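Trainee: Predicted model, plus sequence, below.
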Amino acid sequence: MNHIIINVGRQLGSGGHDIGRMLALDFQAKYYDRELLNLAAKESGLSEKIFEQNDEKKGFFRGLFNIGAPHVSGYKPDLSQESLFQFQSDAIRKAAKQGSCVFVGRCADYVLRDFDNTVNIFITASMDYRVEQIMNKQHMNAETARRFIEQGEGKRADYYNYYTGKKWGSAESYDLCIDSSKLGLVETEKLIAQFIRKRFEQ
Amino acid sequence: MQDNKQAALALGTKPIGQLLWQYALPAIVAMTASSLYNIIDRAMIGQVVGPEAIAGLGITFPFMNLSAAFGAAVGVGSSTCISVKLGQKDYATAEHLLGNTVTLNLIIGFLFMAVSLLFLDPILRFFGASDMTLPYAREFMIVILLGNMITHMYFGMNAVLRAAGKPKHAMYSVLFTVGMNILLVVTFVWWFRWGIKGAALATVTSQSMALCWQLWLFSDKKELLHLKRGIYRLKAELVKNIISIGVSPFLMNATSCIIVIFMNNQFVRYGGDMAVGAYSIANSVVMVFFMFVIGVTQGMQPIVGYNYGAEKYDRMLRCLYLAIGCATAILLVGWGLSMLFPRHIARIFTTDPTLLDLSARGIKLDMLVFFVVGSQATITNFFQSIGKVKISIFLSLSRQLFLLLPMAYLFPLIFGLDGVWYSMPASDFGSFAMTIPLLLWYMKKFKRS
């Protein structure tokens, strides 16, 4: 296997971001999380801000966009979230062709479903653990952190389910699902790395 | 796909005038064609069947709006989802979406038909039908409703054609339907004297012919996206996605339905059946010019959107100004014609002296400050193009709902029938007056950045 692609889905506060970074170090892979927005912006000529505003979101009234021009299709060069997603997917595919990568979120598992050198991981953690993580990172109290998680994940799930037709966080969508609060981030990462090595040995 | 990306990048570099022309022209052609068909339809009914028939036809508009709202919900929803899937080269899901679209259209089309036929008279009464106009409205609606499934399928398939990378075919089928309709309406109404149901029959027949062609296109096995067994069973996730996109266009269309119901009722109350007829005539005159403006704004959308996104604000603003200029110029022509020759215009639709008087006055009052609508509509669309969808919704509702409805309720209390007419230019001007400061405020933000 010349290069591998690791897609990491994650619950908010589960440490998926950090685990992704460690995996990237382990496998000498490029790490893409928010970096993808920059790639997508370069791909499209649009500014990064636009991608940031719409990152992993799907708005209700944004549906009105699609009434638009009846003669442009495919790459609709407008600012609808659908076309932004298209630009982003192209950026993901381009990066995946160039070498080993770790992608965090952004439906990369679906976008790269036709690549055979992928492994799809989903990282969960107990609610209490995640609340604590968010409290430390974002300096919030427990109640706000809990609400932050619930809202953020609602959006993330809507986004994922809409674009992939799969269910976000449901075991059958991934190769390996793991609770990071049981072993801690470092040990969890080691376990995942072992899984990935085994997976590509065959 | 690569070509499409080139097209996207061209939006940031090609001259604005050229781009606007290239993007707006097809939209203008399609829009103008359908408003032309409306004019000929109504003119035939008004001239041949009589003034009561045109009033009866006016009563049925909200019905058409509502049916179109359901059609748009499924059409916009599924075409968006399909183009996402095609972009991802996920052809299996795209085909399931196609199949689900067919099924959804049939189900919704059937339910709409069944419920409406069952309660046809009470609904029409609620819409403002009188003893005189009811028979015409009923006769027209029965045929339209029986063909409702065809209508839904036709619009749905057209939307899918666009999504499937065949925008030209979609345009041909619109143009074919319009042309065929004109031919048939003349034949059925003028030649065969089938009355108002002849017009309905012409609509349904031409749509079924276009639908046959669309289905033939989609049954070609060489096409990436084609109709085959096993794609029609509804899948919960797909339906949910279609509806989640379709809700907002549905609401926008449903709003215009409510407005027409209210306006029709006001006209009946203060001016009787003939006033509804005059409203329907004035409305189709307004529509001819307004559709032009819609075409321009649709052409503007991708250009403004892309350049905003690429932070090329001067190109974005130049495109906005050009679009406002074009839209206003067109409306000035319409305004001038309506102020100078309202009687001649009304004469296209009717020979009846009462209706002629009412319509001529109506056209003049309705379009009193028509030219301000150009910038209002363009700026509303501008906000949508740059992703400020909530501002855009607020602006478009302000013209139609927040301003028009209260004014159409209050003005006639003082001015009688004229008051109902006055409410339209008043709300045009009011929303214009709201739009301009909002744009100026927004421009300040651009200048700063």
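Mentor: Received, thanks. Numbers count the residues shown, from 1 in each chain, chains lettered A, B, ... in the order given.
Trainee: Give me every residue in the stretch 201-350 of chain B lying close to chain A.
Mentor: B:237-238, B:241, B:244-249, B:252, B:298-299, B:301-302, B:305-306, B:308-311 (CB under 8 Å from any CB of the partner chain). All C-beta atoms are positioned from the backbone trio N, CA, C, and that covers glycine.
Trainee: now these: which count as buried?
Mentor: For those, a neighbour count by 16 or more other CB atoms under 10 Å in any protein chain shown gives the buried set as B:238, B:241, B:244-249, B:252, B:298-299, B:301-302, B:305-306, B:308-311.
Trainee: Could you tell me which of these belong to helices?
Mentor: B:238, B:241, B:244-249, B:252, B:298-299, B:301-302, B:305-306, B:308-309 (DSSP state H).
Trainee: Report all helices and strands that the longest helix that chain A contains contacts.
Mentor: In chain A, assigned by DSSP H, the helix with the most residues is helix A:142-164. Helices and strands touching helix A:142-164, by 3 or more CB pairs under 8 Å, 6 or more residues apart in numbering or on different chains; DSSP states H and E, are helix A:108-111, helix A:127-138, helix B:236-309.
Trainee: Distance to B:Met424 and mean pLDDT added to those helices, as CSV?
Mentor: Putting the helices and strands packed on helix A:142-164 into CSV (distance: least, CB to CB, whole Å; pLDDT from 0 to 100) gives the following:
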stretch, distance to B:Met424, mean pLDDT
helix A:108-111, 49, 94
helix A:127-138, 52, 92
helix B:236-309, 9, 91
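Trainee: how about CSV for those, with distance to B:Ala202 added?
Mentor: As requested, the helices and strands packed on helix A:142-164 are exported to CSV (distance: least, CB to CB, whole Å):
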stretch, distance to B:Ala202
helix A:108-111, 47
helix A:127-138, 63
helix B:236-309, 16
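Trainee: can you tell me how far the residue nearest to the spatial centre of chain A sits from A:Asn120?
Mentor: The centre of chain A sits closest to A:Gly105, judged by CA atoms, centre = their mean, with a distance of 0.3 Å. Remark: distance between A:Gly105 and A:Asn120 (CB to CB, to the nearest Å) = 12 Å.
Trainee: Residues in contact with both of the two, list them for me.
Mentor: Common contacts of A:Gly105 and A:Asn120, defined by CB atoms under 8 Å, 6 or more residues apart in numbering or on different chains, comprise A:Gly9.
Trainee: Please, where are all the helices along chain A?
Mentor: A:16-26, A:35-44, A:48-53, A:81-98, A:108-111, A:127-138, A:142-164, A:180-183, A:185-201.
Trainee: Those: which one's closest to B:Asn264?
Mentor: helix A:81-98 (37.1 Å; CB to CB).
Trainee: what about chain B, any weak spots by pLDDT?
Mentor: Along chain B, segments meeting pLDDT under 70 span B:1-5, B:449.
Trainee: Now with 50, please.
Mentor: Scanning chain B for pLDDT under 50 picks out B:1.
Trainee: what about residue 26, how many neighbours?
Mentor: Chain wasn't specified; assuming chain A. Using other CB atoms under 10 Å in any protein chain shown, A:Asp26 has 16 neighbouring residues.
Trainee: right idea, wrong chain: chain B
Mentor: Summarising burial for B:Pro26: neighbours were counted as other CB under 10 Å, giving 20.
Trainee: and what of A:Arg93?
Mentor: Neighbour tally, A:Arg93, other CB under 10 Å: 17.
Trainee: these two touch, right, B:Met153 and B:Leu106?
Mentor: Yes. Counting by CB atoms under 8 Å, B:Met153 touches B:Leu106, with 7.1 Å between them.
Trainee: neighbour count winner among those two?
Mentor: Taking other CB under 10 Å, B:Met153 and B:Leu106 do not tie; B:Met153 has more neighbours (22 against 15).
Trainee: Now do the same contact list for the more buried one.
Mentor: Contacts of B:Met153 by CB under 8 Å, 6+ apart are B:102, B:105-106, B:109, B:211.
Trainee: Quick check: PyMOL command selecting the buried ones in those.
Mentor: Per 16+ other CB under 10 Å, the buried members of the contacts of B:Met153 correspond to this PyMOL selection:
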select buried, chain B and resi 102+105+109+211
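Trainee: mind giving me JSON lines with the contacts of B:Met153 and columns for secondary structure and distance to B:Tyr37?
Mentor: Formatted as JSON lines, the contacts of B:Met153 follow (DSSP: H, G, I helix; E, B strand; the rest coil; distance: CB to CB, whole Å):
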{"residue": "B:Val102", "secondary structure": "helix", "distance to B:Tyr37": "25"}
{"residue": "B:Asn105", "secondary structure": "helix", "distance to B:Tyr37": "22"}
{"residue": "B:Leu106", "secondary structure": "helix", "distance to B:Tyr37": "25"}
{"residue": "B:Gly109", "secondary structure": "helix", "distance to B:Tyr37": "21"}
{"residue": "B:Leu211", "secondary structure": "helix", "distance to B:Tyr37": "17"}
